[in-house]
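Q: Output the structure for:
(one chain, ligands or ions: 2)
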Amino acid sequence: MSEQRPRPRLAVFKFASCDGCQLQLLNLEHQLLELAERFEIVQFLEATSRVEPGPYDVALVEGSITTAHDIERIRRIREDARTLIAIGACATSGGIQHLRNRADIEDWKRGVYPHPEWIDTLATSTPLSEHVRVDHSLEGCPVDSGQVLRVLTRALLGATPDLPGASVCLECKRLGNVCVVVTAGLPCMGPVTRGGCGALCPSLGRDCYACFGPHEDPNPEAWARALGDRGLTPREVATRFRGINGQRPEFRRVADALEGDGD
Ligand code: SF4
Ligand code: SF4
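A: Residues are numbered from 1 along each chain as shown. Ligands and ions are numbered 1, 2, ... in the order given. The predicted model follows:
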């Protein structure tokens, strides 16, 4: 009888984040059980107390880098992982916590914590890619469960993930949605945002808030002008771009220009 091949070792790690992207993995439910048959899940603290050292075939990493210890830890994970996949906006662009990057960290600490002297943190929240090589990035806040499943399935086959690069508008139109910009005057960010969410917000009559970050060829300056033409003040337009993915260069340059603090 032939020996069974060992299953690829999968580990899930967390840095500064809300755990929502890991929850999307748990939300796979019965498909997660199938994944557990295909992969050996050696670390995933939201699901199991099992903690094993590397090497790992695939490391899914949630969260941004906010402490000196984080930097050491992500470097070790990179050394141990054959394929490292950043999951979610915290990991791919620093997350909403990147807002601290434009503020005085000591002020924030004093404002938030009763004992700021106990807090040992960097002044910035940065994406994984500023510290280590990232093989693939799954966008979103949170990521889309189906995309996680597809990327892991392709990893099993040794294939490159086929992640969407076009805008949310494309998904929105394919679904036959009525555009909320045209019909309700909402400041939808779909024209500059990467698809992959299934146009979730516009499908519910809400404006997209760019949680999947910029698409592969956005024109944020043109969309900022269009939002201004629809009555938003420069500050309001900047705020649209400063959201969860506001640290992405394509969005940041527009917001900085509108607020007059380009760097
Ligand atoms: S990307 Fe969003 S959902 Fe995912 S961990 Fe960060 S804040 Fe939570
Ligand atoms: S609702 Fe938003 S995502 Fe949909 S077509 Fe209009 S601008 Fe694009």
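
Q: Per-residue pLDDT of the closest residue to Pro6 other than its chain neighbours, please?
A: In space, Pro6 comes closest to Glu40 once its chain neighbours are excluded; the distance is 7.3 Å by Cβ to Cβ, 6 or more residues apart in numbering. In this view, the C-beta of every residue, glycine as well, is placed from N, C-alpha and C. On pLDDT, Glu40 comes in at 96.

Q: distance of Glu40 from ligand 1?
A: 24 Å (Cβ to the nearest ligand atom, to the nearest Å).

Q: and that residue, what are its phi and psi?
A: phi -90, psi 110 (degrees, to the nearest 10).

Q: I'd like the numbering to begin with 147 instead of 1 from here.
A: All set: I'll call the first residue 147, so the last point we hit is now Glu186.

Q: And for the residue in the stretch 197-346 of the chain that ligand 2 sits nearest to, the neighbour number?
A: At 2.3 Å from ligand 2, Gly336 is the closest residue in the stretch 197-346 of the chain, using Cβ to the nearest ligand atom. As a burial measure, Gly336 scores 28 neighbours (other Cβ atoms under 10 Å).

Q: backbone phi and psi for the nearest residue to it once chain neighbours are set aside, please?
A: Using Cβ to Cβ, 6+ apart and skipping residues adjacent in sequence, the residue nearest Gly336 is Val314, 3.8 Å away. Note on Val314: backbone dihedrals following degrees, to the nearest 10 are phi -60, psi -30.

Q: Spit out the contact partners of Val314.
A: Met335, Gly336, Pro337, Thr339, Arg340, Gly341, Cys343, Ala345, Pro348, Cys354, Phe358, His361 (Cβ atoms under 8 Å, 6 or more residues apart in numbering).

Q: That one and Ile251: what is the separation?
A: Counting by Cβ to Cβ, to the nearest Å, the gap from Val314 to Ile251 is 33 Å.

Q: Ok, Ala370 next?
A: Distance from Ala370 to Ile251, by Cβ to Cβ: 28 Å.

Q: between the two, which one's more packed in?
A: Ala370 (22 against 15).

Q: On the three-state scheme, the closest residue to Asn323 other than its chain neighbours is what?
A: In this structure, Asn323 finds its nearest non-sequential neighbour in Pro348, 5.2 Å apart by Cβ to Cβ, 6+ apart. Using DSSP: H, G, I helix; E, B strand; the rest coil, the structure places Pro348 in helix.

Q: follow-up on the earlier one: what would the contacts of Val314 look like in TSV with secondary structure and pLDDT?
A: Below are the contacts of Val314 laid out as TSV (DSSP: H, G, I helix; E, B strand; the rest coil; pLDDT from 0 to 100):
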residue	secondary structure	pLDDT
Met335	coil	98
Gly336	helix	98
Pro337	helix	98
Thr339	strand	98
Arg340	strand	97
Gly341	coil	96
Cys343	coil	94
Ala345	coil	97
Pro348	helix	98
Cys354	coil	98
Phe358	coil	97
His361	coil	97
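
Q: Mind putting these into JSON lines with distance to Gln177?
A: Below are these laid out as JSON lines (distance: Cβ to Cβ, whole Å):
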{"residue": "Met335", "distance to Gln177": "30"}
{"residue": "Gly336", "distance to Gln177": "28"}
{"residue": "Pro337", "distance to Gln177": "32"}
{"residue": "Thr339", "distance to Gln177": "26"}
{"residue": "Arg340", "distance to Gln177": "23"}
{"residue": "Gly341", "distance to Gln177": "22"}
{"residue": "Cys343", "distance to Gln177": "18"}
{"residue": "Ala345", "distance to Gln177": "22"}
{"residue": "Pro348", "distance to Gln177": "26"}
{"residue": "Cys354", "distance to Gln177": "27"}
{"residue": "Phe358", "distance to Gln177": "22"}
{"residue": "His361", "distance to Gln177": "27"}
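
Q: Closest one of these to ligand 1?
A: Phe358 (10.2 Å).
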